[in-house]
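**Q** Structure of the sequence below:
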Amino acid sequence: MAGKKMNEFQDMLPFMADRLGGEGLIGELCKGFRVLMDREKGVITFDSLKKNSALLGLQDLSDDELQSMLLEGDLNRDGALDEMEFCVLMFRLSPELMQQSETLLEEALQQEFMDRK
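**A** The predicted model follows:
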């Protein structure tokens, strides 16, 4: 997907989650969204992502990689990322966080099943 620089960012998400907790991590992701967003439109556009990506250490991403990132996260297909789409994308790009989420879900479902017996 988005190359080496994106992989470096991905590796930080589990660390951030451990250090900040769930609410803290979401808060930091929202701050990242605001850094990248187009101030007038309130969403991340290709142009705002390209203009501001260096602020997050993603300046080496090509236009194609930036466009791929937008397309991958653009769930409503409006050509931009809103805050929720951005946060979901960041979680999806972190395999370790996804694995942790799946494990927590499995544990919760197992507990729920055991409580009903």
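**Q** Tell me where the protein is predicted with low confidence.
**A** When residues are selected by pLDDT under 70, those of the chain lie in 1-13, 95-105, 117.
**Q** residues in contact with the nearest residue to Leu89 once chain neighbours are set aside?
**A** The shortest distance from Leu89 to any residue that is not its chain neighbour, by Cβ to Cβ, 6 or more residues apart in numbering, is 3.3 Å, and that residue is Gly73. (Glycine included, C-beta is placed from N, CA and C.) Under the criterion of Cβ atoms under 8 Å, 6 or more residues apart in numbering, the contact list for Gly73 reads 81, 85-86, 88-89, 92.
**Q** Of those, which belong to helices?
**A** With DSSP state H as the criterion, helices contain 85-86, 88-89, 92 from among the contacts of Gly73.
**Q** Spatially central residue for the protein, please.
**A** Met90 (1.3 Å; Cα atoms, centre = their mean).
**Q** From Arg39, how far out is it?
**A** Met90 sits at a distance of 20 Å from Arg39 (criterion: Cβ to Cβ, to the nearest Å).
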